[in-house]
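Colleague: turn this into a model:
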Amino acid sequence: MLRAVDSILAMTEVAGTVSRGGARMHDPRVWGTTIGAVGATVFVHANRGLLDGAWPTVAAVAWVLALAAYVWTVFVVPRRFAAPEPVGPLAGLVYLGGIVFMLVGIFLGRKLLAAQGLEGAEGAVIAFFVGAHFLPYARAFHAPLFTTIGVTLMAIGAAGVVLAAVWSVTAGAAAAVVAGLAMLAIISADAWRTRAAVAQRESAAA
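Modeller: Residues are numbered from 1 along each chain as shown. Down below sits the predicted model:
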């Protein structure tokens, strides 16, 4: 069994190298996910205390499970790393522009919520603009994962704001918690999609 695993880890194919993420901490596709995981964790724990009843505990348990899945799929499971595509000369500016857009959007969004008496829903607004700032990164860094995360967080954030306005302000906090869990799940699913078992099947079929 160990010999089989070692042969997988040593395998280099046309499509890329198969390795555990933990052995490639220099790769942006590995260490970059830690930024998302930290942000997702902040979403969950900064907002779960605003939930009613047993939901804060439920959110904490869900976070533990989602984080465990993230660590397992990103750092432990052998997966395929295709040769990275070079980024363009404007990628750095796109990155900084996205950060500035996010910060300005969050600032203005919080002001708007405060004017409407919906301060408790600011987690949803933050989720929306965090998601929006990811969208240009998909093209700039050749990473479709950013589109998936961005669209998902924008949808969750928008739904949270609407529900906070027409139903309960707690919906904003709930949306932020869901956004954090969704981010961890999406990152894990993306890593799982490129696991070594899939790479082996594709190699055998080629």
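
Colleague: any idea what the residue nearest to Arg195 when sequence neighbours are not counted is bridged to?
Modeller: Nearest in space to Arg195, with sequence neighbours left out and distances taken as C-beta to C-beta, 6 or more residues apart in numbering, is Arg79 at 4.6 Å. Where C-beta positions appear, they are placed from N, C-alpha and C, glycine not excepted. Beta-bridge pairing of Arg79 under DSSP bridges involves Ser19, Arg195.

Colleague: listing request: residues of this protein with sub-threshold pLDDT.
Modeller: The chain contains residues with pLDDT under 70 at 1-15, 197-206.

Colleague: would you map the strands across it?
Modeller: 12-13, 16-20, 78-81 (DSSP state E).

Colleague: in a markdown table: those strands, plus distance to Ala185 and mean neighbour count.
Modeller: Compiled in a markdown table, the strands of the chain are given as follows (distance: least, C-beta to C-beta, whole Å; neighbours: other C-beta atoms under 10 Å):
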| stretch | distance to Ala185 | mean neighbour count |
| --- | --- | --- |
| strand 12-13 | 28 | 12 |
| strand 16-20 | 20 | 19 |
| strand 78-81 | 17 | 21 |
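
Colleague: export these to TSV and tack on distance to Val169?
Modeller: Shown next, in TSV, are the strands of the chain (distance: least, C-beta to C-beta, whole Å):
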stretch	distance to Val169
strand 12-13	52
strand 16-20	44
strand 78-81	41
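
Colleague: looking at those strands, spot the one closest to Phe146.
Modeller: Closest to Phe146 of these is strand 78-81 (C-beta to C-beta; 17.4 Å).

Colleague: distance of the residue nearest to Arg195 relative to Ala66?
Modeller: 18 Å (C-beta to C-beta, to the nearest Å).

Colleague: ditto for Val169
Modeller: Val169 is 25 Å from Ala66, by C-beta to C-beta.
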